[in-house]
Structures are given as C-alpha cells and as structure tokens.
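Trainee: show me how the following folds:
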Amino acid sequence: MATYERTSTDPTRNRTVSGSEAKREAGKDKKEALKEQAAQKGHEMKEEAEEKARTKFEEGKQYGERNLESTARALRDAAGALKEDDQEAMARYTEWAAGQVDSVAGYFRDRSVDDVLKDVRYMARENPGMVLGGALMAGFLAARFLKASEPMRA
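Mentor: Below you'll find the model as predicted:
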C-alpha cells in the first residue's frame, strides 16, 4: 500500500512512499517517543533522588547542630569545673572552644541546606586541601564518637 507525502523541494507535489519506508518512518516515530519517555523518567528519578538527598542532608544538619550545641554545653561545664579547680588558663581556652563550637552550631542553625552546600562548594574550589583535611578530621571524630558510644542491645 502506497502513502503520499509532500516532497521537500516542491511542497505542491506528492511523492509515493513505499510500505517499507512507511514502516521505517513509524519505527523512527516510536523510537523518538520511547526516547522522550526515557528522558522524562530519568528527569523524574533525578528530582526524586535530589529530594531524598536534601531530606537526608537536612536531617544530618539538624543532628549535627544538636550535637554541636551539646558539645558547647559540655565544654562550658568543663570550663566551670576548671575554674573551681583554680585552673584559669585552661578554663579560658575551654570557654573559647565552647564559643567556637557555638558559632559553628549557629551557622548551621541560621543557614538553609542550599546555603550550606553553596558554601561547601565555594570552599572546596578555594581551599581543596582544607576541605579534604576537614573531611578526614570529621571522619576520625565520628569514628571515635561511634567507638566510644554504647553498643546497641537487641
């Protein structure tokens, strides 16, 4: 069965298209449709993954903020105990450390996830060694914290 389509050189003239050419054209259309569906599905999956990652990062940010605040309180308590033991110099350093930890907790409290990620990207571009060292230190501290915590009982 022959179908007719306009030629590109003369739109007023029809050209006969054989059955195999029509099938080929239909196959191309089907491939294009599948390609579009795959692209759409990939886009949806990417958005879903980004949302999950954002949620996890927000949870981690809040968890870290709480831990930093409790660490600052513990340092202040230690500074008070050092003052009672007449160790003023160590108490001052401990108070200073508590203030620094508090300022980091405040940074996380006052910033959105997007702001934190933007700052990390900027810092990584400007000082990659510092970011790598910070990540290494954070890993050691996390491992030490987990090792020191009580094991979970079933």
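
Trainee: could you measure from Ala142 over to His43?
Mentor: Ala142 sits 34 Å away from His43, taking CB to CB, to the nearest Å as the criterion. No exception for glycine: its C-beta is placed from N, CA and C like everyone else's.

Trainee: equivalent analysis for Ala53, please.
Mentor: Applying CB to CB, the value for Ala53 to His43 is 16 Å.

Trainee: ok, Met90 next?
Mentor: 57 Å.

Trainee: the more surrounded of the two?
Mentor: Counted by other CB atoms under 10 Å, Met90 and His43 do not tie: Met90 has more neighbours, with 14 against 10.

Trainee: so where's the chain uncertain?
Mentor: Counting by pLDDT under 70, the chain has low-confidence residues at 1-20, 22-23, 149-154.

Trainee: select the longest helix from it.
Mentor: Using DSSP state H, we find that the single longest helix of the chain is helix 19-84.

Trainee: which strands and helices sit next to that one?
Mentor: helix 88-110, helix 113-126 (3 or more CB pairs under 8 Å, 6 or more residues apart in numbering; DSSP states H and E).

Trainee: pick the most deeply packed of those helices.
Mentor: Highest mean neighbour count of the helices and strands packed on helix 19-84: helix 88-110, a mean of 15 (counted as mean count of other CB atoms under 10 Å).

Trainee: returning to that earlier point: chain center to the longest helix of the chain: distance?
Mentor: With CA atoms, centre = their mean, to the nearest Å as the basis, helix 19-84 stands 6 Å off its chain's centre.

Trainee: so which elements touch whatever helix or strand Gly134 lives in?
Mentor: Assigned by DSSP states H and E, Gly134 belongs to helix 128-148. Secondary-structure packing of helix 128-148 (3+ CB pairs under 8 Å, 6+ apart): helix 113-126.

Trainee: contacts for the helix it packs on next, please.
Mentor: Identification of contacts with helix 113-126 by CB atoms under 8 Å, 6 or more residues apart in numbering yields 54, 57-58, 61, 108, 111, 130-131.

Trainee: just the buried ones from those?
Mentor: Buried members of the contacts of helix 113-126, scored by 16 or more other CB atoms under 10 Å, are 61, 108.

Trainee: mind putting the contacts of helix 113-126 into a markdown table with distance to Arg73?
Mentor: Converted to a markdown table, the contacts of helix 113-126 look like this (distance: CB to CB, whole Å):
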| residue | distance to Arg73 |
| --- | --- |
| Arg54 | 29 |
| Phe57 | 25 |
| Glu58 | 23 |
| Lys61 | 19 |
| Phe108 | 16 |
| Arg111 | 21 |
| Met130 | 28 |
| Val131 | 28 |
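
Trainee: all good on my end, thank you.
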